[in-house]
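**Student:** I would like the atomic coordinates for the input below:
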Amino acid sequence: MITHYDMRTGEVIGDTVPNRQAHPASHPADTPELRLMTVREDIAVRRRGAPPPADIAQLPVQYLLGKLF
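**Tutor:** Predicted coordinates for the structure are as follows:
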């Protein structure tokens, strides 16, 4: 059991039902639902194309900027 105190007076605050309902985590719609991803979600998350090769780290910056612009 958790005891709540008033910070100004030090009095014990009684546990009431409306305060529990006002807490945002007590609403079932706010709690995240664990589930598996759908096939469409998985496809949307995956990266398109192959990752760049590791040799790209040895290229000069001017070469990389020339490829982008």
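**Student:** going forward, measure contacts between C-alpha atoms and count neighbours the same way
**Tutor:** Fine.
**Student:** Report how many residues lie close to residue 63.
**Tutor:** Using other Cα atoms under 10 Å, residue 63 is surrounded by 10 other residues.
**Student:** and what of residue 61?
**Tutor:** 11.
**Student:** Tell me the confidence at it?
**Tutor:** You'll see residue 61 listed with a pLDDT of 89.
**Student:** All further residue positions should be reported with the first residue as 786.
**Tutor:** Renumbered: residue one is now 786, and that last one reads residue 846.
**Student:** distance of it from residue 852?
**Tutor:** Noted for residue 846: a distance of 10 Å to residue 852, by Cα to Cα, to the nearest Å.
**Student:** separation between residue 838 and residue 846?
**Tutor:** On the measure of Cα to Cα, residue 838 and residue 846 end up 15 Å apart.
**Student:** Repeat that for residue 798.
**Tutor:** 64 Å.
**Student:** now residue 828
**Tutor:** Applying Cα to Cα, the value for residue 828 to residue 846 is 32 Å.
**Student:** Can you identify each of the strands in the protein by residue range?
**Tutor:** Listed from the start of the chain, the chain has strands (DSSP state E) covering 789-790, 797-798.
**Student:** nearest to residue 842, of the ones you listed?
**Tutor:** Smallest distance to residue 842 across the strands of the chain (Cα to Cα): 57.6 Å, for strand 789-790.
**Student:** Name the strands paired with that closest one and say parallel or antiparallel.
**Tutor:** Within its sheet, and counting by DSSP bridges, strand 789-790 is paired with strand 797-798 (antiparallel).
**Student:** What pLDDT does the model give residue 839?
**Tutor:** In this model, residue 839 is scored at 87, pLDDT.
**Student:** Near it, how many other residues are there?
**Tutor:** For residue 839, the neighbour count with other Cα under 10 Å is 7.
**Student:** burial of residue 835, as a residue count?
**Tutor:** A count of neighbours around residue 835, defined by other Cα under 10 Å, yields 6.
**Student:** Kindly apply the preceding question to residue 828 instead.
**Tutor:** Each residue near residue 828 was counted by other Cα under 10 Å, and the total is 11.
**Student:** the helices in this structure, which residues?
**Tutor:** Counting by DSSP state H, the segments of the chain that form helices are 802-807, 824-830, 846-853.
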